[in-house]
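Undergrad: turn this into a structure:
(one chain, ligands or ions: 2)
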Amino acid sequence: MPPAILVIDQGTTSTRAIVFGPDALPVATAQEEFPQFYPYPGWVEHDPKDLWRTTLSTARIALAKATDQGLTIAALGITNQRETVVIWDRKTGAPIHNAIVWQDRRTAQACADLKQDGAEALVQKTSGLLLDPYFSATKIAWLLDHVSGARARAERGELAFGTVDSYLLWQFTNGKVHATDATNASRTALFDIHSGQWDTDLLALFGVPAAMLPEVRDCAAEFGTAAASHLGEALPIRGIAGDQQAALIGQACFDPGMVKSTFGTGAFVLLNTGTSPVASTHRLLTTVAYQLKGRRHYAIEGSIFAAGATVQWLRDGLGIVRSSAETGQLAAQSDPDQHVYLVPAFVGLGAPIWDADARGTIVGITRGTTRREIARAALESVAYQTLDLVEAMRADFNAGDGAAAVIRADGGMSASDWTMQSVADMIDAPVDRPVVLETTALGAGYLAGLQSGLYPEPEIFAKAWHCDKRFTPGMDAATRHAKVTGWRAAIARTVLKP
Ligand SMILES: Nc1ncnc2c1ncn2[C@@H]1O[C@H](COP(=O)(O)OP(=O)(O)O)[C@@H](O)[C@H]1O
Ligand SMILES: O=P(O)(O)OC[C@H](O)CO
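TA: Ligands and ions are numbered 1, 2, ... in the order given. Sure thing, here's the model as predicted:
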């Protein structure tokens, strides 16, 4: 029977399982949403049992569909929402608390205090990240300080910490393997991205005992065996990467200067900088892109908190569109002489501004403004925010024309031709949308397939990447300049901290 790879894509709102055949094309999928918990404003939790339950249910469905097609699973790959923290008891495997999700802001004050003490330089230099509640370290400390007895148990080595990949790996292997990969480790703010080791100074800074940390492995590696009791057969786990890094791999962005952007609820833009980490002077993040055969490749990353979320707000909050896709139709009919800007700072602004207190605004409306101009402003806000990240990346990477010469797009919102054209116009570079849009799962599948000898080395795999549609920039420089100037003025009215 032809071999295939089963991938778990454990995301923020749903878990998906996708099987890739011998030619690395998707052949079977399953998806399941799970509950989100918001105990207080700004807090976001998941029940780890839900993450495991939906992992099993979707994997079983996808596996059965693949078996029906005569395929046999050679290995498992895992990709996951990053930074989210799970802590569990090593003896029972039981989590000591709900998972604290990457979006959770409960440790904002702890981060502000550390910043006040001048700790950000160490964090940035060693981990490549910033002092922000987004990352795992302060979430771990919060759990150790708020769950009764947890700190003492962690120090005695009784508790294990993991990002979601690590927790699923523990479950699949029945507690035999406590490991993660270098991309997930690089999102914790505890990992020295230069040496590839957990860092004792960062552990001391955040108050995290070393005894609770997983072992860090390559992205394509032997991660142990999923016990037969889970999926009906014992399966080797051979690939792990955080979801944005997995998308970079799935988009075959292996050369320095290549960029992918995933336009989902938010948007994540990553630029491959090769085997040297590049320290950003524009408050972008430096992160591990992937680690293969002990060799780390790096990326600089910027994130936009509201991309598709703005479209959802027009649909579910304002009720001025019936479907996401309608926004593109309305934008196409809008009046080009109206200069309306929407800054979707619903939960503050991400890179490169990082203002958690900024709140959204709409400027430039007149009595003649209709939902068409509002829809256009919503879609254009994604293009302007992408431009802000790409400009910062081009300046940081300093590679002239080679940096971000093209953006490879994916994610649900990449379905919007109008938005992709607008992004191309604003960044003044082509946007390519690939044939296989399941780039995140493909990236993890590629890693597991590479380790299994099923898929070829990166250079060969990259040749199998095919563009479905290229969006070529078509806006004249004067129009672009005027529009971007208007956007920057709108941002200035939004940002609270200059
Ligand atoms: N045709 C479209 N036009 C505009 N936005 C769209 C379109 N199709 C999907 N979206 C947006 O894409 C987002 C879903 O993308 P997805 O990658 O599934 O998100 P996530 O993985 O973050 O849950 C939604 O916010 C939706 O509004
Ligand atoms: O689960 P997603 O696709 O929303 O991705 C979440 C990111 O990994 C957070 O850093």
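
Undergrad: the helix or strand containing Thr55: what's the following helix or strand?
TA: Counting by DSSP states H and E, the element that carries Thr55 is helix 48-68. Once the chain leaves helix 48-68, the next helix or strand it forms, by DSSP H and E, is strand 72-80.

Undergrad: neighbours around the closest residue to Gln245 other than its chain neighbours, how many?
TA: If the residues on either side of it in the chain are set aside, Gln245 comes closest to Thr183, at 4.1 Å by CB to CB, 6 or more residues apart in numbering. The C-beta positions use only the backbone N, C-alpha and C, and glycine is treated the same way. Neighbours of Thr183 under the rule other CB atoms under 10 Å: 34.

Undergrad: then Ala28?
TA: Count around Ala28 with other CB under 10 Å applied: 21.

Undergrad: and it, its phi and psi?
TA: Note on Ala28: backbone dihedrals following degrees, to the nearest 10 are phi -150, psi 140.

Undergrad: can you name the residues that contact the residue of the chain positioned farthest from its centre?
TA: The C-alpha centroid of the chain is most remote from Arg367, which lies 39.7 Å away (CA atoms, centre = their mean). Listed by CB atoms under 8 Å, 6 or more residues apart in numbering, Arg367 has no contact partners.

Undergrad: which SSE is Trp88 in?
TA: Following DSSP H and E, one finds Trp88 within strand 86-89.

Undergrad: ok, the residue lying closest to Gln171 once chain neighbours are set aside to Tyr167 distance?
TA: The spatially closest residue to Gln171, leaving aside those adjacent along the chain, is Trp52, at 5.1 Å (CB to CB, 6+ apart). Distance of Trp52 to Tyr167, computed by CB to CB, to the nearest Å: 8 Å.

Undergrad: so between these two, which is more surrounded?
TA: Using other CB under 10 Å as the criterion, Trp52 and Tyr167 rank with Tyr167 on top: 29 against 22.

Undergrad: ok, which residues in the stretch 351-498 of the chain are in contact with ligand 1?
TA: Residues of the stretch 351-498 of the chain lying near ligand 1 by CB under 6 Å from any ligand atom: Gly411, Gly412, Met413, Ala415, Ser416.

Undergrad: again, 8 Å this time
TA: Leu379, Asp410, Gly411, Gly412, Met413, Ala415, Ser416, Trp418, Thr419 (CB under 8 Å from any ligand atom).

Undergrad: closest to Ala441 out of these?
TA: Looking at those and their distance to Ala441, the nearest is Asp410, at 10.7 Å (CB to CB).

Undergrad: run a quick neighbour tally on the closest residue to the closest one other than its chain neighbours.
TA: Counting by CB to CB, 6+ apart, Asp410 lies nearest to Thr439, which is 4.4 Å off, once chain neighbours are set aside. For Thr439, the tally of surrounding residues (other CB under 10 Å) stands at 26.

Undergrad: can you check Ala356 too?
TA: Using other CB under 10 Å, Ala356 has 21 neighbouring residues.

Undergrad: now it. Its backbone dihedrals?
TA: Torsion angles, degrees, to the nearest 10, at Ala356: phi -70, psi -20.

Undergrad: the residues of the stretch 351-498 of the chain next to ligand 1 in helices, which ones?
TA: Mapping these onto helices (DSSP state H) picks out Leu379, Trp418, Thr419.

Undergrad: among these, find me the one that's closest to Gly93.
TA: Nearest to Gly93 among these, counting by CB to CB, is Thr419 at 43.1 Å.

Undergrad: which ones are touching the closest residue to the closest one other than its chain neighbours?
TA: Spatial nearest neighbour of Thr419, chain neighbours left out: Leu379 (4.7 Å); criterion: CB to CB, 6+ apart. Taking CB under 8 Å, 6+ apart as the criterion, Leu379 is in contact with Val311, Thr327, Gly328, Ala331, Ser416, Trp418, Thr419, Ser422.

Undergrad: what is the neighbour count of whatever residue of the stretch 351-498 of the chain ends up closest to ligand 1?
TA: Proximity to ligand 1, evaluated over the stretch 351-498 of the chain using CB to the nearest ligand atom, is greatest for Gly412 at 2.1 Å. Counted with other CB under 10 Å, residues neighbouring Gly412 total 15.

Undergrad: can you check Ala121 too?
TA: Residues near Ala121, counting by other CB under 10 Å: 9.

Undergrad: pull the contacting residues for the nearest residue to Asp23 once chain neighbours are set aside.
TA: Leaving aside its chain neighbours, Asp23 sits nearest to Ala464 (7.8 Å; criterion: CB to CB, 6+ apart). Each residue near Ala464 by CB under 8 Å, 6+ apart is listed here: Asp23, Ala24, Ala252.

Undergrad: rerun at 10 Å
TA: The contact partners of Ala464, by CB atoms under 10 Å, 6 or more residues apart in numbering, come to Asp23, Ala24, Leu25, Ala252, Val435, Val436, Leu442, Tyr446, Tyr455, Pro456.

Undergrad: which residue does the stretch 151-300 of the chain have closest to ligand 2?
TA: Going by CB to the nearest ligand atom, ligand 2 is nearest to Asp243 of the stretch 151-300 of the chain, at 4.6 Å.

Undergrad: re earlier: might one say that the residue of the stretch 351-498 of the chain closest to ligand 1 is in contact with Ala307?
TA: Yes - Gly412 lies in contact with Ala307 (CB atoms under 10 Å); the separation is 9.3 Å.
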